[in-house]
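K.L.:
can't give you the sequence, but here's the structure:
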């Protein structure tokens, strides 16, 4: 349903809102918490492939959790989008806006 709203808004030429950013933040938090719960329940059994059903399979979830916060735009980027588009806060100063990367002082 959310995807349909995003597609309809894009088809109508509307700028993207903060819904995607909010969803991404919630998803990343949920996936991280899921890995933490699995680690708490399984303890050291989560780290070794002993053949015991349902233990080692959670390792990928646990180790991938930090990447969820980065993939698709870091949490900080998502929060900036929400602040600017929903709360109407001013954007961060961008002295290099409209400047080609090769001309940005480093």
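P.N.:
That came through fine. Since this is a predicted model, take the numbers as computed values, not measurements.

K.L.:
what comes into contact with the longest helix seen in the chain?
P.N.:
Among the elements of type helix in the chain, defined by DSSP state H, the one spanning the most residues is helix 19-42. The set of residues external to helix 19-42 that reach it, using Cβ atoms under 8 Å, 6 or more residues apart in numbering, is 2, 5-6, 46, 55, 58, 61-62, 64-66, 68-69, 72-73, 75, 78-79, 81-82. Heads up, the C-betas are built off the backbone N, CA and C, glycines and all.

K.L.:
for the chain, which spans come out with low pLDDT?
P.N.:
Segments of the chain classed as low confidence (criterion: pLDDT under 70) are 1-3, 16-17.

K.L.:
can you map out the helices along it?
P.N.:
For the chain, applying DSSP H gives helices covering 2-11, 19-42, 59-68, 75-85.

K.L.:
quick one on the thing from earlier: and the longest helix of the chain with helix 2-11, angle?
P.N.:
Using axes from the mean of the first three to the mean of the last three Cα atoms, to 10 degrees, the direction of helix 19-42 lies 160 degrees away from that of helix 2-11.

K.L.:
quick check: end-to-end length of stretch 90-106?
P.N.:
Distance across stretch 90-106, first residue to last, is 25 Å (Cα to Cα, to the nearest Å).

K.L.:
check which residues of that stretch are buried.
P.N.:
With burial defined by 16 or more other Cβ atoms under 10 Å, not one residue of stretch 90-106 is counted as buried.

K.L.:
quick one: that stretch to chain centroid distance?
P.N.:
Chain-centre distance of stretch 90-106: 24 Å, with Cα atoms, centre = their mean, to the nearest Å.
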